[in-house]
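Undergrad: Fold the following and give me the result.
(one chain, ligands or ions: 1)
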Amino acid sequence: MPIYEYKCRECGAEFEELVSSRGENPECPRCGSPKTEKLMSACKSGTGGASKGDFGLPPMPPGGGCGSAGGG
Ligand SMILES: [Zn+2]
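TA: Numbering: from 1, shown residues only. Now for the predicted structure:
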């Protein structure tokens, strides 16, 4: 079963949930709020291509799409 990442719009907790044939969003396991939104699986840890040993590369591009620390 595919696992999707969800984010609670109430407390901002991120969690993974097994998505079944249903189309409803799961409840937040933290606060139990149904106000959850599905996140794109683009932020998944899927680094590949770059050879190991390259420590000169920057940790992360500024203003990326993943992990934006923005207070709502
Ligand atoms: Zn929550």
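
Undergrad: For E10, grab the count of nearby residues.
TA: Using other CB atoms under 10 Å, E10 has 14 other residues around it. No exception for glycine: its C-beta is placed from N, CA and C like everyone else's.

Undergrad: could we number from 26 for the rest of this?
TA: Happy to do that; since the first residue is 26 now, the last one works out to E35.

Undergrad: Looks like P54 contacts A38 (just checking).
TA: Yes. At 7.5 Å, P54 and A38 qualify as touching, with contact defined as CB atoms under 8 Å.

Undergrad: what bits of the chain have low per-residue confidence?
TA: For the chain, the stretches with pLDDT under 70 are 46-48, 66-97.

Undergrad: any idea how far E52 is from Y31?
TA: 9 Å (CB to CB, to the nearest Å).

Undergrad: Neighbour count: those two, which is higher?
TA: Y31 (20 against 16).

Undergrad: OK, contacts around that one?
TA: Y31 is in contact with E39, F40, E41, E42, N50, P51, C53, T61, E62, K63, L64, counting by CB atoms under 8 Å, 6 or more residues apart in numbering.

Undergrad: Go back to those residues and keep what's next to the ion.
TA: C53 (CB under 5 Å from the ion).

Undergrad: Tell me the residues that contact both of E52 and Y31, please.
TA: With CB under 8 Å, 6+ apart as the test, E52 and Y31 both reach T61.

Undergrad: quick one: the strands in the chain?
TA: Secondary structure of the chain (DSSP state E): strands located at 28-33, 39-43, 61-64.

Undergrad: relative to strand 39-43, how tilted is the longest one?
TA: In this case it means strand 28-33. 140 degrees (axes from the mean of the first three to the mean of the last three CA atoms, to 10 degrees).

Undergrad: Of the strands of the chain, flag the one that's most buried.
TA: strand 28-33 (a mean of 17; mean count of other CB atoms under 10 Å).

Undergrad: Pairing partners for that strand, with directions?
TA: Take DSSP bridges as the rule and strand 28-33 pairs in its sheet with strand 39-43 (antiparallel), strand 61-64 (antiparallel).
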